[in-house]
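Undergrad: Below are the sequence and a predicted model for it; my questions follow.
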Amino acid sequence: MQKGVTVKGLTQEQLGQLLGVTTQAVSKWERGGTPDAELLPDISQALGVSIDALFGREEQRLTASLARQICQMKNEDAYRYAFSICWAIEIGFMQDISALDDFLNKFIGRLAITTDKLIISQK
């Protein structure tokens, strides 16, 4: 398992009990050991993450998926979509979910995008 996977506040003992394994087994996984493959669905469910995230592959899948999606769009739609993703990232960094409502109310649907510039209308 990848180091740094959030364990949702569970102790090694609690996670072990949920999965029917010893605390030592959980400790071994945290130090870089690999659990038995049949435990992976239970581990991902207990931690609330995908199996890909357990192995550090979630980000790669997401990035590739976004790139494929954007490549299939017309330029104006691609810019609008990329702009909204950038704002979502910024709001996430600010850790202020109330900013999301402001963003949605003020900007989405008011973007006029051409191939050389972005214009936010005052509608």
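TA: Sure thing, it's come through. Residues are numbered from 1 along each chain as shown.
Undergrad: Any regions of the chain where pLDDT drops low?
TA: 1-7, 58, 100-123 (pLDDT under 70).
Undergrad: Repeat the analysis, applying 50 as the threshold.
TA: 1-6, 113-115, 117-123 (pLDDT under 50).
Undergrad: quick one: Ile85 and Gln69, what's the gap?
TA: 10 Å (C-beta to C-beta, to the nearest Å). C-betas here are computed from N, CA, C, even on glycine.
Undergrad: next one: Asp77
TA: 10 Å.
Undergrad: my read is Gln45 is in a helix, agree?
TA: Yes. Assessed with DSSP: H, G, I helix; E, B strand; the rest coil, Gln45 lies in a helix.
Undergrad: Just give the number of residues close to it.
TA: Per other C-beta atoms under 10 Å, the neighbour tally for Gln45 reads 12.
Undergrad: And for Trp87?
TA: So Trp87, with other C-beta under 10 Å, has 16 neighbours.
Undergrad: likewise Ala99?
TA: Using other C-beta under 10 Å: Ala99 sits among 14 other residues.
Undergrad: Surely it touches Ile89?
TA: No. With contact defined as C-beta atoms under 8 Å, Ala99 does not count as touching Ile89 (11.9 Å).
Undergrad: returning to that earlier point: now for Ile85 and Gln69: what residues contact both?
TA: Applying C-beta atoms under 8 Å, 6 or more residues apart in numbering, one finds that no residue jointly contacts Ile85 and Gln69.
Undergrad: residue ranges for the strands of this structure, please.
TA: With strands called from DSSP state E, the chain shows them at 111-113, 118-120.
Undergrad: Ile70 is in contact with Ala82, correct?
TA: Yes. Applying C-beta under 8 Å, one finds Ala82 in contact with Ile70, separated by 6.2 Å.
Undergrad: longest helix in the protein, by residue count?
TA: helix 75-94 (DSSP state H).
Undergrad: For that helix, name the packing helices and strands.
TA: Using 3 or more C-beta pairs under 8 Å, 6 or more residues apart in numbering; DSSP states H and E, the elements in contact with helix 75-94 are helix 58-71, helix 98-106, strand 111-113.
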